[in-house]
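Participant: Kindly generate the corresponding structure for this input.
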Amino acid sequence: MSKSRSRNLKYREETDRLLEGGDDDAAAPEDPPKEDAKEEDKKEEDKEEEREKYDKSKDPYLQPVASPCCCCMCVCANEVTIKTTCCGCFPIKCGMVCIALFLVFVCVVYFVWNFWNFMNEYLHWWYTLVCLAICIPLLIAAFFTVGWLAGDSKTTRKLLYTSTILALVSIILLCLWNMIYLLGLYKWDDYYYGSGDLDTHHYTHINKKLYIVIDIFKTIVLIGVLLCFKGYTDTYEVVMKDCRDI
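Facilitator: Numbering: from 1, shown residues only. Sure, this is the predicted structure:
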């Protein structure tokens, strides 16, 4: 009887304990650590702040500013470029437009001149063909400058800088090729300008060595100008690196 009573009492105690919620010593389900949750919230806040800072800095609004341009005032500068000039007197943006137009002009002149030489009976056809092939980097430079004129963006600003380098390559190679051809492969003592048949068309001529000297002088001047333009385009790209597309 005593054993049965003890069993009943034990059974009742276990039943009461289960109804009250189990053992006090039983491990309750663990809540997620509060410290880890706080760290994750802090990381999310930091990311949001970085995004806001990036959005504000990467695409600032450029307020147009009137600035002196030689003898007049023009609105071709902004808050970023107001203190940067080209050639000491022009706003940098005005200088970039002039540089782009100059590169396109040089490209057109060189291509027209060398294409016209196909009709010069004193020159070999393959000489002119090589000249046109050398002008390909200059043609690419003209396309880059037209792209910048169509839209001022980070990409086109980099390409405008690249166009000055491509123009330098073409002009230097053309000067070297002219020297090689005229001194080693050209059979006449004078350089002849003109087109058409030798009997029916009039050709003007100049001493071959004098023509080479003039060509070298012209190339040196263009190299100096393009190196200067290269520096200005690099300055413009650096100044406008954090600005929106225009």
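
Participant: what bits of this protein have low per-residue confidence?
Facilitator: By pLDDT under 70, the weakly predicted segments of the chain are 1-90, 200-201, 242-246.

Participant: Tell me which stretches of it form helices.
Facilitator: Using DSSP state H, the helices of the chain run over 2-20, 34-58, 92-116, 125-134, 136-150, 154-184, 208-239.

Participant: So which residues lie in contact with the fourth one, not counting its own?
Facilitator: Contacting residues not belonging to helix 125-134 are listed as 111, 114-115, 117-118, 120, 170, 173-174, 177, 181, 185 [Cβ atoms under 8 Å, 6 or more residues apart in numbering]. Glycine gets a C-beta too; all of them are placed from N, C-alpha and C.

Participant: let's see it at 7 Å
Facilitator: By Cβ atoms under 7 Å, 6 or more residues apart in numbering, the residues outside helix 125-134 that reach it are 114-115, 117-118, 170, 173-174, 177, 181.

Participant: Could you tell me which residues within stretch 173-193 count as buried?
Facilitator: 173-175, 178, 181-182, 186, 190-192 (16 or more other Cβ atoms under 10 Å).

Participant: nearest to Glu237, of these?
Facilitator: Closest approach between these and Glu237, by Cβ to Cβ: Leu173, at 25.4 Å.

Participant: mind checking how far Gly194 is from Trp116?
Facilitator: Using Cβ to Cβ, to the nearest Å, one obtains 10 Å as the distance from Gly194 to Trp116.

Participant: and what of Leu101?
Facilitator: From Leu101 to Trp116 the distance is 22 Å (Cβ to Cβ).
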